[in-house]
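Structure for this input, please:
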Amino acid sequence: MRLKRLRAPKFWKIPKKGTKWTVSPRPGPHKKFEGIPLQLLTRDILKLVETGKEAKTIIRKGKIFIDGKPRKDHAFSVGLMDIVAIPELKKFYRVLPTSKGLSLTEIPEDESNLKLCRINNKKTISKGKTQLNLHDGKNILVPKDVYKTGDSILLQLPEQKIVDHVKLEKGNLILIFKGKNMGSIGELKEIIETRTREPNKVICEIEGNKTETIKDYVFVVGKNKPIITVSG
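A predicted model of the protein is given here:
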């Protein structure tokens, strides 16, 4: 799959000049321009190699792990909150939003098996169990429903075991991952349920200033402080 180089998002960090085409993300858990193809992440962002051919080679050998699993498809899309691990180099990263788009932030090894996921929606299935549908395409079954849409859960990878739960409620910390304040962290002050066609919104305080954004643009990351590394 190919994509015209000029259409690629700036955060992919590929040169605008060069060949006409670049790799296009494979359909998967993240929207087309809300993830980074693994080949470009390996070559242009992490700079582990110099050419696309070299990137494909180490990817095919299973040297790059995403969320605890080796990914061998060079077009696999890596997106928000995904964990990138290179065991041979003992390097570990989390994909986080910044004002310029998605970026990789290095994290300690003891966080490399922890992933924070946003609950996008949920539904009741057979035998009264609840299925949580997460922002990265994962589905988690829980025996007891104590979760709400917009809450975050901390998963232990690769088992996908829930080890913590943070509610989207007043006083907690949120990370804005879309919109003009993308990458900012602030304290949630108010949730505004519009009950119209307009999206629900939140008011948060960022560095002493109050701002309003769409509810679906925020990711709750902790109470008094983030429960994992969410900034560089």
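
From now on I want contacts and neighbour counts done on CA atoms only, so please keep to that.
OK.

just for this structure, where's the confidence low?
Along the chain, the parts satisfying pLDDT under 70 run over 1, 5-7, 16-18, 232.

what's near enough to touch K13?
Contacts for K13 (CA atoms under 8 Å, 6 or more residues apart in numbering) come out as D44, I45.

just K161 next, same as before
Listed by CA under 8 Å, 6+ apart, the contact partners of K161 are L155.

who's it bridged to?
Beta-bridge partners for K161, by DSSP bridges, are Q156.

Pull up the gap between it and L134, please.
Going from K161 to L134 by CA to CA, to the nearest Å gives 13 Å.

Now do the longest helix along the chain: which elements does it pack against?
For the chain, the helix with the greatest residue count under DSSP state H is helix 52-60. In this structure, helix 52-60 packs against helix 38-40, with contacts taken as 3 or more CA pairs under 8 Å, 6 or more residues apart in numbering; DSSP states H and E.

helices or strands next to the helix it packs on in the packing?
helix 52-60.

buried sites along the helix it packs on?
G52, A55, K56, I58, I59 (16 or more other CA atoms under 10 Å).

CSV please, covering these and showing distance to Y217.
What follows is those, written out as CSV (distance: CA to CA, whole Å):
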residue, distance to Y217
G52, 33
A55, 33
K56, 33
I58, 35
I59, 32
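
how is the protein carved up into domains?
Split into domains by automatic domain parsing, the chain comes to 2-111, 114-166, 173-222.

any chance of these in TSV, plus distance to T229?
Listed next are these as TSV, based on distance: least, CA to CA, whole Å:
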stretch	distance to T229
domain 2-111	7
domain 114-166	10
domain 173-222	9
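
So for V230, which of those domains sits nearest?
Between V230 and these, the tightest spacing by CA to CA is seen for domain 2-111, at 6.7 Å.

Start and end of the closest one, how far apart?
Using CA to CA, first and last residues of domain 2-111 are 34 Å apart.

starting at the chain centroid, how far to that domain?
12 Å (CA atoms, centre = their mean, to the nearest Å).

Kindly report the same for stretch 190-202.
23 Å.

Check stretch 201-213 too.
With CA atoms, centre = their mean as the basis, stretch 201-213 stands 21 Å off its chain's centre.

tell me which residues in it are buried?
Neighbour counts using 16+ other CA under 10 Å place K201, V202, I203, C204, E205, I206, T213 of stretch 201-213 among the buried residues.

Show residues contacting it.
Residues from elsewhere that reach stretch 201-213, judged by CA under 8 Å, 6+ apart: 179, 184-194, 214-216.

Figure out the length between the terminal residues of that stretch.
End-to-end distance for stretch 201-213, by CA to CA: 6 Å.

With stretch 160-173 instead?
End-to-end for stretch 160-173, by CA to CA: 23 Å.

and what of stretch 163-173?
End to end - CA to CA - stretch 163-173 spans 18 Å.

what's next to it, contact-wise?
Counting by CA under 8 Å, 6+ apart, 147-148, 150-156, 185-191, 220-226 sit against stretch 163-173.

which of those are buried?
147, 150-156, 185-189, 191, 220-223, 226.

How about the contacts made by T124?
Here T124 is in contact with T130, Q131 (CA under 8 Å, 6+ apart).

re the thing from before, what about the buried ones among the contacts of stretch 163-173, which are in strands?
Those of those mapping onto strands are 152-156, 185-189, 191, 220-222, per DSSP state E.

Just put the residues you listed in TSV and tack on distance to G171.
Below are those laid out as TSV (distance: CA to CA, whole Å):
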residue	distance to G171
S152	15
I153	17
L154	19
L155	23
Q156	25
I185	12
G186	9
E187	6
L188	5
K189	6
I191	11
V220	10
V221	11
G222	10
